[in-house]
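> here are the coordinates; sequence isn't available:
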């Protein structure tokens with residue numbers, strides 16, 4: 001017995017067609033194993049018994065599988081047993097050296113297959129088919145998946161039995177019976193969910209099941225009873241379509257996320273993408289019906305035709321037998337419809353992106369390998385999305401233009417008649433800026449138009465981005481910011497209205513010398529304030545939409561963000577309007593400043609001061625205090641917190657007035673007054689008072705840069721000797737001097753104590 005045992009254990013791998021395996025305790029092999037152990041027991045020591053080998057045949061393993069299946073031990077153990085049988089059949093060599101060397105071997109052959117094994121496999125196969133049908137009827141997902149895996153493996157074994165010469169092979173996903181049965185079950189779940197949902201939302205929808213696809217009633221046909229529009233109204237139908245699409249898409253995505261790893265593990269990597277394709281194919285039958293309902297109920301082609309009729313200036317008449325047909329008489333009525341269209345495309349595109357992302361995680365070679373007809377075919381759904389977007393874009397364009405026109409019409413300040421303004425000004429002594437003025441613009445810095453315009457732009461832009469179509473978003477952004485939107489409609493209307501106000505204000509200015517006498521002046525100021533606010537709103541909107549683009553479009557975000565750069569020219573156009581009308585407005589106020597300088601020319605104001613004169617001027621300012629009071633009376637109507645200029649525009653106007661005032665005083669200093677050193681000190685003090693006043697009118701910062709030349713004049717007039725002038729001129733601050741050599745000499749000639757010949761002899765390089 002010992003020699004026989006040694007001879008058996010030293011056989012080479014090529015002499016054996018059976019795997020060596022430790023003794024088994026199953027009900028099939030236990031008698032044989034027990035007799036062998038009993039014969040060897042007296043002659044084998046303990047170490048020999050541990051090394052004793054049991055040789056297992058495929059038939060024995062197949063009987064064990066059948067016994068496990070009869071005993072209902074568990075499908076997992078049955079699968080392990082079947083996989084063991086498959087390995088025994090497909091591998092006939094035993095390892096001769098190491099496991100690594102054996103796995104590296106490429107030579108395989110099939111073990112002999114007996115007719116009894118074939119019959120036993122068929123018996124197990126049909127038994128599992130019956131169990132598979134029971135699990136499917138009972139909706140037992142967990143058991144069904146395990147049984148389908150067994151059927152798939154048994155199918156491979158049966159193929160091996162029928163074609164042993166071809167050796168082991170991997171079944172394509174489209175030919176795998178176990179996978180097909182499991183996908184049929186999943187498709188049935190999709191079908192049941194969709195039918196239940198659509199019946200609850202659309203009572204007039206009927207569903208007819210058939211077996212046209214050959215997969216056990218997984219096809220469904222949808223029809224309508226009682227007409228296209230049924231009893232639901234427009235809003236309810238739109239909400240129902242949104243609800244139905246959202247629920248169906250969410251159900252598919254949940255099924256894919258849960259079952260993708262299970263199918264990939266149970267049937268191979270090729271099977272998981274095929275599952276996604278099959279579930280989408282099933283859902284597409286129902287989503288197509290919903291898209292059809294949407295197109296029929298809203299009759300988008302008819303709606304677009306109605307809008308084109310309105311564009312031509314013809315209001316459509318109500319047909320005599322219109323019934324429940326939707327009729328739009330104003331583009332503003334499209335708002336709810338556009339919301340529905342945008343949300344439907346958003347739901348659909350998110351669903352498409354989710355499926356692409358899931359299938360895209362599979363290597364390309366695997367996706368290409370799951371057989372003809374198994375590819376994820378999204379063309380039909382993408383075509384439906386593009387069809388909806390094809391109507392959405394022109395309808396959104398008409399809604400935007402109509403809403404913009406109404407906002408301008410309802411909120412743009414009117415134009416007062418010039419003759420009425422003049423007559424009213426003659427009859428009344430009060431200014432239009434008096435607190436009891438009944439004008440509706442009184443007390444308002446801004447009109448309501450900006451809030452309406454930018455609310456509209458924000459809504460339309462974000463709605464277009466919610467479609468998740470970069471092309472659609474870019475088109476709407478262009479329409480909103482440039483063509484037909486902000487730049488063409490609103491900015492064009494504002495420019496025309498400002499020019500109209502400018503003409504009437506010029507007439508009032510010529511007649512009365514005051515802009516306040518024209519009723520259009522506060523409206524002119526309000527529009528200037530609106531332009532400044534529009535510039536701020538535009539930048540905020542651009543920043544917000546850039547963030548939305550990054551969130552919605554991923555890799556396409558730079559494309560949409562580039563489209564937002566169209567806001568830059570619009571911003572420059574707004575600033576251009578301010579740079580054109582603000583100087584004109586400030587220039588209309590400036591002529592009223594010159595009369596205030598009449599006192600500056602009188603003998604009462606003298607800078608040819610001695611110490612006594614200087615002391616009196618400190619106690620009783622001879623000029624600047626009264627001049628500043630006069631300036632404030634001129635400017636106060638335009639710089640009030642209400643019905644005046646906005647902060648930014650106030651700064652612009654004040655800067656222009658400050659520059660004009662400085663030029664007037666510079667000319668008078670050079671032409672009218674003589675200065676002593678004390679008089680120059682008094683001039684410097686008055687210049688600082690003027691700088692402080694104008695700076696107090698602004699929103700922050702100083703306007704000293706407007707008075708640089710005047711300050712330098714006071715500094716030169718205060719020198720004790722001419723050499724100081726040369727030192728100033730040739731020093732480090734030479735580049736900062738705003739006065740020319742000729743102006744310096746003319747100015748020094750205004751000093752009463754400096755010799756003219758010495759001033760003429762100055763050499764300033």
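Okay, I see it. As the structure is a computational prediction, the values presented were derived from the model and not from experiment.

> Tell me where the stretch 201-350 of the chain has strands.
205-210, 219-224 (DSSP state E, counting those that start in this stretch).

> same deal with the stretch 601-750 of the chain?
Under DSSP E, counting those that start in this stretch, the stretch 601-750 of the chain gives no strands.

> before we move on, the earlier item: which stretch in the strands of the stretch 201-350 of the chain has the least confidence?
Mean pLDDT per stretch puts strand 219-224 lowest among the strands of the stretch 201-350 of the chain, at a mean of 47.

> Tell me the gap between stretch 123-140 and the middle of its chain.
What separates the centre of stretch 123-140 from the centre of its chain is 50 Å, taken as C-alpha atoms, centre = their mean, to the nearest Å.

> ok, now stretch 459-470?
Worked out by C-alpha atoms, centre = their mean, stretch 459-470 lies 7 Å from the chain centre.

> same deal with stretch 505-520?
The answer for stretch 505-520 is 49 Å, by C-alpha atoms, centre = their mean.

> List the buried residues of that stretch.
Within stretch 505-520, the residues that count as buried by 16 or more other C-beta atoms under 10 Å are 505, 507, 508, 509, 514, 515, 516, 517, 518, 519, 520. For every residue, glycine as well, the C-beta is placed using N, CA and C.

> just the residues you listed now: which is nearest residue 761?
residue 509 (49.3 Å; C-beta to C-beta).

> what residues does stretch 660-667 touch?
Stretch 660-667 has contacts (C-beta atoms under 8 Å, 6 or more residues apart in numbering) with 586-587, 590, 593-594, 597, 600, 631, 690, 694, 706-707, 709-710, 713.

> Residue 676 is in contact with residue 753, correct?
Yes: with contact defined as C-beta atoms under 8 Å, residue 753 reaches residue 676; the gap is 6.7 Å.

> With neighbour numbers in mind, choose between these two.
Neighbour tally, residue 753 and residue 676, criterion other C-beta atoms under 10 Å: the higher count belongs to residue 676, 21 against 8.

> And the helices in the stretch 301-450 of the chain?
Using DSSP state H, counting those that start in this stretch, the helices found in the stretch 301-450 of the chain span residues 335-360, 364-367, 379-411, 418-427, 449-466.

> out of the contacts of stretch 660-667, who has the most neighbours?
residue 713 (26 neighbours).

> That one and residue 673 touch, don't they?
No: if you go by C-beta under 8 Å, residue 713 and residue 673 don't touch, sitting 10.7 Å apart.

> distance of residue 79 from residue 656?
89 Å (C-beta to C-beta, to the nearest Å).

> Ok, residue 618 next?
Counting by C-beta to C-beta, the gap from residue 618 to residue 656 is 32 Å.

> So if I had to pick from those two, which one is more boxed in?
residue 656 (19 against 10).

> Which secondary structure element is home to the closest residue to that one other than its chain neighbours?
Using C-beta to C-beta, 6 or more residues apart in numbering and skipping the chain neighbours, the partner closest in space to residue 656 is residue 586 (3.5 Å). Applying DSSP states H and E as the criterion places residue 586 in helix 567-589.

> ok, now residue 758?
helix 756-760.

> ok now that helix, how far from the chain's centre?
73 Å.

> which secondary structure elements does that helix contact?
In terms of contacts (3 or more C-beta pairs under 8 Å, 6 or more residues apart in numbering; DSSP states H and E), helix 756-760 is packed against helix 741-748.

> need the helices for the stretch 501-650 of the chain, in chain order.
So, for the stretch 501-650 of the chain - with DSSP H, counting those that start in this stretch - the helices run 521-553, 557-564, 567-589, 598-601, 611-619, 624-635, 647-671.

> Can you tell me which of those has the worst average pLDDT?
helix 598-601 (a mean of 86).

> so can I have JSON lines of the helices of the stretch 501-650 of the chain showing distance to residue 452?
What follows is the helices of the stretch 501-650 of the chain, written out as JSON lines (distance: least, C-beta to C-beta, whole Å):
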{"stretch": "helix 521-553", "distance to residue 452": "11"}
{"stretch": "helix 557-564", "distance to residue 452": "21"}
{"stretch": "helix 567-589", "distance to residue 452": "17"}
{"stretch": "helix 598-601", "distance to residue 452": "48"}
{"stretch": "helix 611-619", "distance to residue 452": "56"}
{"stretch": "helix 624-635", "distance to residue 452": "31"}
{"stretch": "helix 647-671", "distance to residue 452": "21"}
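
> Which one, of these, ends up nearest to residue 254?
helix 521-553 (22.5 Å).

> how far out from the middle of the chain is that closest one?
18 Å.

> what angle do it and helix 647-671 make?
130 degrees (axes from the mean of the first three to the mean of the last three C-alpha atoms, to 10 degrees).

> Among the contacts of stretch 660-667, which one sits closest to residue 745?
residue 713 (12.6 Å).

> And the closest one, what's its pLDDT?
92.

> mind checking how far it is from residue 730?
19 Å.

> Residue 160 contacts residue 87, correct?
No: using C-beta under 8 Å as the test, residue 160 is too far from residue 87 to be in contact (11.6 Å).

> So between these two, which is more surrounded?
residue 160 (19 against 13).

> ok, residues contacting the helix or strand where that one lies?
Element membership for residue 160, per DSSP H and E: helix 141-162. By C-beta under 8 Å, 6+ apart, the residues outside helix 141-162 that reach it are 75-76, 78-79, 82-83, 85-86, 89-90, 110, 113, 117-118, 121-122, 124-125, 128-129, 131-132, 135-136, 167-171, 176-179, 181-182, 185, 262, 266-267.

> Next step: those residues restricted to strands.
Among the contacts of helix 141-162, DSSP state E puts none in strands.

> Narrow those to those that are buried.
75, 78-79, 82-83, 85-86, 89-90, 110, 113, 117, 121, 124-125, 128-129, 131-132, 135-136, 168, 171, 176-179, 181-182, 185, 262, 266-267.

> got the phi/psi numbers for residue 270?
phi -60, psi -30 (degrees, to the nearest 10).

> no wait, residue 446
phi -130, psi 150.

> Run a quick neighbour tally on it.
Quick note: residue 446 (other C-beta under 10 Å) scores 15 neighbours.

> One more: residue 564?
Residue 564, neighbours per other C-beta under 10 Å, totals 20.

> Check residue 161 too.
17.

> just the helices in the stretch 151-300 of the chain please.
177-201, 234-267, 271-298, 300-311.

> could these go into a markdown table alongside distance to residue 759 and mean pLDDT?
Output for these, formatted as a markdown table (distance: least, C-beta to C-beta, whole Å; pLDDT from 0 to 100):
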| stretch | distance to residue 759 | mean pLDDT |
| --- | --- | --- |
| helix 177-201 | 98 | 89 |
| helix 234-267 | 88 | 88 |
| helix 271-298 | 89 | 88 |
| helix 300-311 | 77 | 80 |
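
> right, and the ones you listed - which one's nearest residue 581?
Of the helices of the stretch 151-300 of the chain, nearest to residue 581 by C-beta to C-beta is helix 300-311, at 33.1 Å.

> who are the neighbours of that closest one, in terms of helices and strands?
Using 3+ C-beta pairs under 8 Å, 6+ apart: helix 300-311 touches helix 379-411.
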